[in-house]
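Undergrad: Below is the sequence, then the predicted model.
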Amino acid sequence: MSLSIVIVGRPNVGKSTLFNRLVGRRLALVDDRPGVTRDRREGEGRLGDIEFTVIDTAGLEQASPESLSGRMRAQTEAAIDQADIIFFMIDARAGPTPVDHDFADVARRSGKPIVLIANKSEGTAGESGRLEAYALGLGEPIPISAEHDEAARAFPLLVRQELAGLHSHIENLQRRRADAASR
Ligand code: GDP
Ligand code: MG
């Protein structure tokens, strides 16, 4: 059974861009307008010898502004429930917002391992926002640029380092699943 990684975060931080990069195909819609990902999307990804299923979230299109946060929250919680590992993404240029803090609480309460990703970190415009993101309490914000070539080269390395830190967790999980399957 494959490991599942869910990418969560508020609209427009670059979740679908990262998803596309991880699966190596343009499966998810990338758009300037917040919330344009129609449904939850899943694809198979690989970093080095680690294979995983990656889930892109949003599904907020046509949500009315009043119901937006409620739907975002419900969808995020459902996706987190399903995942083994959470990629929690913020926009480093914008810095952490109140919505990010809100989602961070949801993610933290799940007790699942979280990789905090500070996207849009190409150049220097994201550095102060990235540092502020320590306040989310999710550990070190890893700077990436899901979109730009320069950082796209550095990106697999950065995320792989984080995944390497999660290796023992992944091995435990795989052992437990193998045990369950052989029973
Ligand atoms: P989502 O709503 O979180 O899925 O975000 P999208 O992947 O649809 O991206 C939202 C916007 O951010 C699009 O205009 C992307 O081109 C842009 N974007 C994504 N990644 C980066 C990045 O690394 N740097 C910059 N500057 N823009 C990005
Ligand atoms: Mg999207």
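TA: Noted; the coordinates are in hand. Residues are numbered from 1 along each chain as shown. Ligands and ions are numbered 1, 2, ... in the order given.

Undergrad: Name the residues of stretch 120-135 that are buried.
TA: Neighbour-count burial for stretch 120-135, with 16 or more other C-beta atoms under 10 Å as criterion, is recorded at 120, 121, 122, 126, 129, 130, 132, 133. (Each C-beta comes from the backbone N, C-alpha and C, glycine too.)

Undergrad: out of those, which one sits closest to ligand 1?
TA: Checking those against ligand 1 by C-beta to the nearest ligand atom gives residue 120 as the nearest, at 3.7 Å.

Undergrad: Lowest-confidence entry in the buried residues of stretch 120-135?
TA: pLDDT across these is lowest for residue 122, at 86.

Undergrad: What separation is there between it and residue 93?
TA: 9 Å (C-beta to C-beta, to the nearest Å).

Undergrad: what does residue 6 give?
TA: Residue 6 is 23 Å from residue 93, where distance means C-beta to C-beta.

Undergrad: With residue 106 instead?
TA: Using C-beta to C-beta, we find residue 106 at a distance of 23 Å from residue 93.

Undergrad: again, but for residue 51
TA: Taking C-beta to C-beta as the measure, residue 51 falls 32 Å from residue 93.

Undergrad: Who has more neighbours out of these two?
TA: It is residue 93, of residue 51 and residue 93, that has more neighbours when counted by other C-beta atoms under 10 Å, with 18 against 11.

Undergrad: Tell me the secondary structure at the more buried one.
TA: For residue 93, the assignment made with DSSP: H, G, I helix; E, B strand; the rest coil gives coil.

Undergrad: Hmm, residue 127 and it touching each other?
TA: No. In terms of C-beta atoms under 8 Å, residue 93 does not count as a neighbour of residue 127; the distance is 9.7 Å.

Undergrad: Can you classify the residue nearest to residue 122 when sequence neighbours are not counted by secondary structure?
TA: Spatially, and ignoring its direct neighbours in sequence, residue 122 is nearest to residue 145 (3.8 Å; C-beta to C-beta, 6 or more residues apart in numbering). When classified by three-state DSSP, residue 145 comes out as coil.

Undergrad: Number of residues surrounding residue 145?
TA: When neighbours are defined as other C-beta under 10 Å, residue 145 has 23 of them.

Undergrad: That one against residue 124, yeah?
TA: No. Assessed by C-beta under 8 Å, residue 145 is found out of contact with residue 124, at 11.9 Å.
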